[in-house]
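[1] Dropping a prediction and its sequence here:
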Amino acid sequence: MQVWSDYQDTNKEKFLEELKELLRIPSVSAQETHNADTAKCAEAVKQSLLKAGCDSVEICETAGHPIVFGQKFVDASLPTILTYGHYDVQPAEPLELWTNGPFDPVVIDGKIYARGACDDKGQMYMHVKALEIMNATNTLQCNVKFIIEGEEEVGSTNLGKFLEDYKEQLKADVVLVSDTSMISMEHPSIETGLRGLAYMEVEVVGPNRDLHSGVYGGAVANPITILSKMIASLHDENNHITVQGFYDKVVALTEAERVALNKAPFDLKEYTDELGIEEDWGEKGYTALERTGVRPTLELNGMWGGYIGEGAKTVLPSKANAKISMRLVPNQNSHEIAELFTAHFNKIAPNCVKVTVTEHHGGEPVVTPTDSIAYKAAEKAIATTFGKDPIPTRGGGSIPIIALFEKILGLKTVLMGFGLDNDNIHSPNEKFDVANYYKGIETIPYFHKYFAEMKK
């Protein structure tokens, strides 16, 4: 609609500057030193929703970081869209790898660089600005509710209880989420599923103190060596995960489904060149698209132990630790997988060390329907603004709360993301193309329009 385009064109710079202000707040949910920042960010989100046109916005305290809940009521006869996003961000370390400060947003070559630029402040804020546009032009055709949480990056620990407590207030027709990516601006897509997650930490303990590696080396097991061997054994020569029972509930795709999945535009050489690697790696017998979308994985996310400071210290360490994440596919359950992993890791531990396995957080895999009114509205919205129909894809990441929306609220979700796979989310120099940011703001009002029309 021309009135939407005119309003956005007039306010583009303001929309960008407001996003920068949000990105300057280091709302790192995983680090207690940033608790005050997460609270500050929640208040900033509240104020932005009120300015955009919400009738009411409240900051709901939890046992962890607060949840921002906002509402804009138009008419009881109209459908209601529940928009979900998160204002918390991943830790920015290693800081030395950032070209600019992670919380000092800068636009270079049409891309805004900052922690949270894409995941998920930039994408979440598109919905706030879309509401502003529809409200300011008196064209809002749906009632709107917002859940913007502060713990997505640490497993949405307290959101389930919030959904239970606010079940009545959260009644809606669909959940709309922009925390995913599309293939490219030339090949728009909609993710129709996400993998689940089981996130673990392991500790291997040897002697009761750090030892002199010359005096004790060769006679006492080194926990780093043992941990390295144990982790290496978690994949076989075909990069197949060796945890007993891990694949028992995985449903293999049919040949037709695999062919359809691999029709998505993908250039393996372009993929490896962009990452600076010689070749891809993964489970034998599957393509890169299959490995990152419809196959489960087990990845080492961090490992530490011993002396890593400047200079030399010939120490045989007392213990070693690692963090491990497993991405799961439909029919796998995060708690079952965590139990299988725990049993396996304890089983393969030699008697010379003691092992402790801790389950941190997880989430269940989801598949969203492609024949729903909401999905068709998203398809039509993207086709309107991009000039071509979106391609359905499967996402490799996890949003733990999506499965809970269906379980607790009985609501299906549409994953209409505008990020790109090379946006460096969770990495140094995270970015979000400004064009994608504006395109999201342009597209979201059309979703509201088409959803309302199709629901009549």
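    Here it is on my side, so go on.

[2] Can you point out the buried residues in the lowest-mean-pLDDT helix or strand in the chain?
    Lowest by mean pLDDT, DSSP states H and E among the helices and strands of the chain is helix 255-261, with a mean of 89. Burial within helix 255-261, assessed by neighbour count using 16 or more other C-beta atoms under 10 Å, is assigned to 258, 261. In short, each C-beta sits where N, CA and C put it, glycine included.

[3] For burial, what's the neighbour tally of Gly285?
    For Gly285, the neighbour count with other C-beta atoms under 10 Å is 11.

[4] Which residue, other than its chain neighbours, is closest to it?
    Asn238 (7.6 Å; C-beta to C-beta, 6 or more residues apart in numbering).

[5] Tell me which other helices or strands the least confident helix or strand of the chain touches.
    Here helix 255-261 touches helix 288-291, going by 3 or more C-beta pairs under 8 Å, 6 or more residues apart in numbering; DSSP states H and E.

[6] at 6 Å instead, please
    Contacting helix 255-261 under the criterion 3 or more C-beta pairs under 6 Å, 6 or more residues apart in numbering; DSSP states H and E is no other helix or strand.

[7] Show residues contacting it.
    Helix 255-261 has contacts (C-beta atoms under 6 Å, 6 or more residues apart in numbering) with Leu289.

[8] just stretch 282-291 next, same as before
    Outside stretch 282-291, the residues that touch it by C-beta under 6 Å, 6+ apart are 238-240, 261-262, 266, 280, 295.

[9] Could you export the residues you listed to JSON lines, including columns for secondary structure?
    JSON lines is the format used below for those (DSSP: H, G, I helix; E, B strand; the rest coil):
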{"residue": "Asn238", "secondary structure": "coil"}
{"residue": "Asn239", "secondary structure": "coil"}
{"residue": "His240", "secondary structure": "coil"}
{"residue": "Leu261", "secondary structure": "helix"}
{"residue": "Asn262", "secondary structure": "coil"}
{"residue": "Phe266", "secondary structure": "coil"}
{"residue": "Asp280", "secondary structure": "coil"}
{"residue": "Arg295", "secondary structure": "coil"}
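
[10] So which of those wins on neighbours?
    For the contacts of stretch 282-291, neighbours were counted using other C-beta under 10 Å, and Arg295 has the most, 23 neighbours in all.

[11] Now do the same for that residue: its pLDDT.
    If you check Arg295, the pLDDT there is 96.

[12] And the contacts of stretch 282-291, which is closest to Glu17?
    Phe266 (35.9 Å; C-beta to C-beta).

[13] Let me know how buried the closest residue in space to that closest one that isn't next to it in sequence is, in neighbour terms.
    Once flanking residues are discounted, Phe266 sits nearest to Leu289: 5.6 Å by C-beta to C-beta, 6+ apart. By other C-beta under 10 Å, 20 other residues sit near Leu289.

[14] For Leu268, see how far away Leu289 is.
    Distance, Leu289 to Leu268, by C-beta to C-beta, to the nearest Å: 9 Å.

[15] just Ala117 next, same as before
    Ala117 sits 27 Å away from Leu268, going by C-beta to C-beta.

[16] Show me which of these two is the more surrounded one.
    More crowded of Ala117 and Leu268, by other C-beta under 10 Å: Ala117, with 31 against 12.

[17] The more buried one and Asp433 touch, don't they?
    No: counting by C-beta atoms under 6 Å, Ala117 sits too far from Asp433 to count as a contact (9.4 Å).

[18] Please enumerate the strands of the stretch 51-200 of the chain.
    Assigned by DSSP state E, counting those that start in this stretch, the stretch 51-200 of the chain shows strands spanning 56-60, 67-72, 80-86, 106-108, 111-113, 143-149, 174-177, 181-182, 189-194, 196-205.

[19] Look at Pro102 and report its pLDDT.
    Taking Pro102 on its own, its pLDDT is 98.

[20] again with the one 10 residues further on
    In the prediction, the pLDDT value recorded for Ile112 is 98.

[21] Could you give the bridge partners of it?
    Ile112 has these beta-bridge partners by DSSP bridges: Val107, Phe432.

[22] got the contact list for it?
    105, 432, 434.

[23] Report the buried members of the residues you listed.
    For the contacts of Ile112, a burial check counting by 16+ other C-beta under 10 Å picks out 105, 432, 434.

[24] any idea what sits nearest the first one, other than its immediate chain neighbours?
    Among residues not flanking Pro105 along the chain, Ala114 sits closest, at 3.8 Å (C-beta to C-beta, 6+ apart).

[25] any idea how far that neighbour lies from Gly417?
    Between Ala114 and Gly417 the computed distance is 18 Å (C-beta to C-beta).

[26] The two: which has the busier surroundings?
    In this view Ala114 and Gly417 are compared by other C-beta under 10 Å, and Ala114 has more residues nearby, 29 against 23.

[27] Thought Val106 was touching that one, still the case?
    No: Ala114 is not in contact with Val106 according to C-beta under 6 Å; the separation is 7.5 Å.

[28] mind listing what the residue nearest to Ile324 when sequence neighbours are not counted touches?
    What sits nearest to Ile324 in space, not counting adjacent residues and going by C-beta to C-beta, 6+ apart, is Met200, at 4.8 Å. By C-beta under 6 Å, 6+ apart, the residues touching Met200 are 324, 341, 359.

[29] try 7 Å
    Met200 is in contact with 324, 338, 341, 357-360, counting by C-beta atoms under 7 Å, 6 or more residues apart in numbering.

[30] Include secondary structure when you put these into TSV, please.
    Shown next, in TSV, are the contacts of Met200 (three-state DSSP):
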residue	secondary structure
Ile324	strand
Ala338	helix
Phe341	helix
Val357	strand
Thr358	strand
Glu359	strand
His360	strand
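
[31] which of these sit farthest apart?
    By the measure C-beta to C-beta, Phe341 and His360 form the most distant pair in these, at 12.0 Å.

[32] For the two, work out which one has more neighbours and name it.
    Comparing Phe341 with His360 by other C-beta under 10 Å, the one with more neighbours is Phe341, at 24 against 16.

[33] Pull up the gap between the nearest residue in space to that one that is not next to it in sequence and Asn100, please.
    Distances taken as C-beta to C-beta, 6+ apart place Val243 nearest to Phe341, at 5.5 Å, with adjacent residues excluded. Separation of Val243 from Asn100 (C-beta to C-beta): 41 Å.

[34] Compare the two (neighbour count), which wins?
    Shown here are Val243 and Asn100; by other C-beta under 10 Å, Val243 has more neighbours (19 against 12).

[35] is it fair to say that one lies in a helix?
    No: looking at Val243 with three-state DSSP, it is coil, so not inside a helix.

[36] need the helices for the stretch 201-350 of the chain, in chain order.
    Along the stretch 201-350 of the chain, counting by DSSP state H, counting those that start in this stretch, helices occupy 213-216, 223-232, 255-261, 268-275, 288-291, 334-347.

[37] what about Ile399, how many neighbours?
    Neighbour count for Ile399, taken as other C-beta under 10 Å: 26.
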